[in-house]
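Peer 1: okay, sequence plus prediction incoming.
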Amino acid sequence: MDKRQALAFLHDMLLGRRFEERCAEEYMKGNIAGFLHLYPGEEAVAVGVIHACETSDYIVSTYREHVHALVRGVPAGEVMAELFGKRGGCSRGMGGSMHLFDPQRRFMGGYAIVGETYPVAIGLGYGIAMKDLPEAVICFFGDGAVNQGTFHESLNMAALWKLPVLFVCENNQYAIGTEIHRHSAVPEVYKRAAAYRIPAERVDGMDVLEVHRATEHALQQIRAGSGPQLLECLTYRFRGHSMADPGHYRPPVEVKAHQQTDPLELALRELSLVYPTPEQIAAAGPDALLKLRQYCFDQGHLHEEGFEELERQVQDEVEAAVQFALEAPEPTLDDAWQALYCNRRGEILI
């Protein structure tokens, strides 16, 4: 990995973490309404996967998709404005947290319903196959979505028609508050792909380099005409399922153990008065963000001053996004009318 790529990874992981932390603050202020599912702890998956994609590939995501959109290149201001319900949002303020959409960047949502992403990805993949294009579809989903009927129906169709779809399971080990071994007879998600003869691999989702390597390999197989592939990324979310969920069902020792494997959280908390000291960070052991930062140091890509400058840059980006969202206008009734694709002539829907 060259210096440019390593620093791009680090920037996007930092941006994702800081952006989500600020979302939590703005939610508590009342600037963000409805459900809000945050991503801290899982950044290595979004960055490792999406950086391996081409700009011509499609991304289909879930309700926990803010960082997916940011890494794909959707401006932070447009994502924050969408969460604020403002016209400047990427869905013009009418989608909210779970419905980010940017067709220009081939970011095809943001879907609120569990298991809804698979059929959308299959449809996109079928269109690509019919046109014989060198493109692929990335279908993100969580471990809580693998017992839905759409999962099995979609894997069957993708394998049958050799569709160019990469299924990416972000296995954070909890379906809201239920551990995967309590709701799945086969908790190893990657093993399920064997039923449909889809090549699959389980990787460390806290290691951005491993995720990126596995994604590059899977996409090479897809573009070579081998059909769909599946990656299971073992990861962990540091917060509850949503802002309405304090996550008390998880033993504190378990949360703490996983936080000690997150390099970003530990490395950056030193910038706040409530964050641990560098000595405390070093004593806690390696984590994902710290691992990537150390990699950049070891390779000569970055030094301490450069990292501090990168941190300031990310903070400025997040602050600019919040200001953009605060100053953006509210959507109007005309905006809502323009986005209405049925019942435009007053017909009664049954």
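Peer 2: Thanks, I have it.

Peer 1: which positions in stretch 204-214 come out as buried?
Peer 2: Residues 204-209, 211-212, 214 are the ones in stretch 204-214 that count as buried (16 or more other C-beta atoms under 10 Å). (C-beta placed from N, C-alpha, C; glycine too.)

Peer 1: narrow these to those in helices?
Peer 2: Among those, the members found in helices (DSSP state H) are 208-209, 211-212, 214.

Peer 1: touching, residue 330 and residue 93? I think so.
Peer 2: Yes: the criterion here is C-beta atoms under 8 Å, and residue 330 meets it with residue 93 at 7.0 Å.

Peer 1: need the residues touching each of these two.
Peer 2: 85-87 (C-beta atoms under 8 Å, 6 or more residues apart in numbering).

Peer 1: which among the residues you listed end up buried?
Peer 2: 85-86.

Peer 1: that older thread, which of the buried residues of stretch 204-214 lies closest to residue 173?
Peer 2: residue 205 (10.2 Å; C-beta to C-beta).

Peer 1: give me phi/psi at the closest one?
Peer 2: Residue 205 adopts backbone torsions of phi -70, psi 0, taken as degrees, to the nearest 10.

Peer 1: if I look at it, how far off is residue 310?
Peer 2: Applying C-beta to C-beta, to the nearest Å, the value for residue 205 to residue 310 is 23 Å.

Peer 1: go on, residue 137?
Peer 2: Residue 137 is 32 Å from residue 310, by C-beta to C-beta.

Peer 1: next: residue 180.
Peer 2: 35 Å.

Peer 1: and what of residue 82?
Peer 2: For residue 82, the distance to residue 310 - C-beta to C-beta - is 26 Å.

Peer 1: same deal with residue 219?
Peer 2: Separation of residue 219 from residue 310 (C-beta to C-beta): 28 Å.

Peer 1: can you check residue 148 too?
Peer 2: 39 Å.

Peer 1: ditto for residue 135
Peer 2: Distance from residue 135 to residue 310, by C-beta to C-beta: 32 Å.

Peer 1: ok, now residue 109?
Peer 2: Residue 109 is 30 Å from residue 310, by C-beta to C-beta.

Peer 1: if you count surrounding residues, which of the two has more?
Peer 2: residue 109 (23 against 18; other C-beta atoms under 10 Å).

Peer 1: contact partners for the nearest residue to that one once chain neighbours are set aside?
Peer 2: Spatially, and ignoring its direct neighbours in sequence, residue 109 is nearest to residue 101 (5.2 Å; C-beta to C-beta, 6 or more residues apart in numbering). Counting by C-beta under 8 Å, 6+ apart, residue 101 touches 90-91, 95, 107-110.

Peer 1: recalculate using a threshold of 10 Å.
Peer 2: 61, 65, 69, 74, 82, 89-92, 95, 107-111 (C-beta atoms under 10 Å, 6 or more residues apart in numbering).

Peer 1: quick one, phi psi at residue 202?
Peer 2: Residue torsions, per degrees, to the nearest 10, at residue 202 are phi -100, psi 130.

Peer 1: what's around the nearest residue to residue 183 once chain neighbours are set aside, how many residues?
Peer 2: Among residues not flanking residue 183 along the chain, residue 175 sits closest, at 5.8 Å (C-beta to C-beta, 6+ apart). Residue 175 has 19 neighbours, counted by other C-beta under 10 Å.

Peer 1: before we move on, what about residue 94?
Peer 2: Residues within reach of residue 94, counting by other C-beta under 10 Å, total 15.

Peer 1: isn't it up against residue 81?
Peer 2: No: in this structure residue 94 lies outside contact range of residue 81 using C-beta atoms under 10 Å: 11.6 Å.

Peer 1: which residues are common contacts for those two?
Peer 2: Here residue 94 and residue 81 share the contacting residues residue 87, scored by C-beta under 10 Å, 6+ apart.

Peer 1: which residues touch the closest residue to residue 100 other than its chain neighbours?
Peer 2: Nearest non-adjacent residue to residue 100, counting by C-beta to C-beta, 6+ apart: residue 110, 4.1 Å away. Counting by C-beta under 10 Å, 6+ apart, residue 110 makes contact with 59-66, 68-69, 82, 90-91, 95-102, 117.

Peer 1: so where does the one residue sitting closest to the centre of the chain fall, helix or strand?
Peer 2: Centroid-nearest residue in the chain: residue 68, 3.8 Å away (criterion: C-alpha atoms, centre = their mean). Assessed by DSSP states H and E, residue 68 sits inside helix 66-72.

Peer 1: average model confidence for that helix?
Peer 2: Taken as a whole, helix 66-72 has a mean pLDDT of 97.

Peer 1: which residues in the stretch 201-350 of the chain form strands?
Peer 2: 229-234 (DSSP state E, counting those that start in this stretch).

Peer 1: low-confidence ranges, it, go.
Peer 2: Per-residue confidence for the stretch 201-350 of the chain (pLDDT under 70) gives these ranges: 244, 246, 263-287, 343-344, 346-350.

Peer 1: what helices or strands is the longest helix out of those in the chain leaning on?
Peer 2: Under DSSP H, the helix in the chain containing the largest number of residues is helix 3-29. The contact analysis (3 or more C-beta pairs under 10 Å, 6 or more residues apart in numbering; DSSP states H and E) places helix 3-29 against helix 43-50, helix 66-72, helix 76-83, helix 208-223, helix 263-268, helix 288-298, helix 304-327.

Peer 1: let me know which of the ones you listed is tucked in deepest.
Peer 2: Across those, averaging neighbours per residue (mean count of other C-beta atoms under 10 Å) puts helix 43-50 on top, at a mean of 29.
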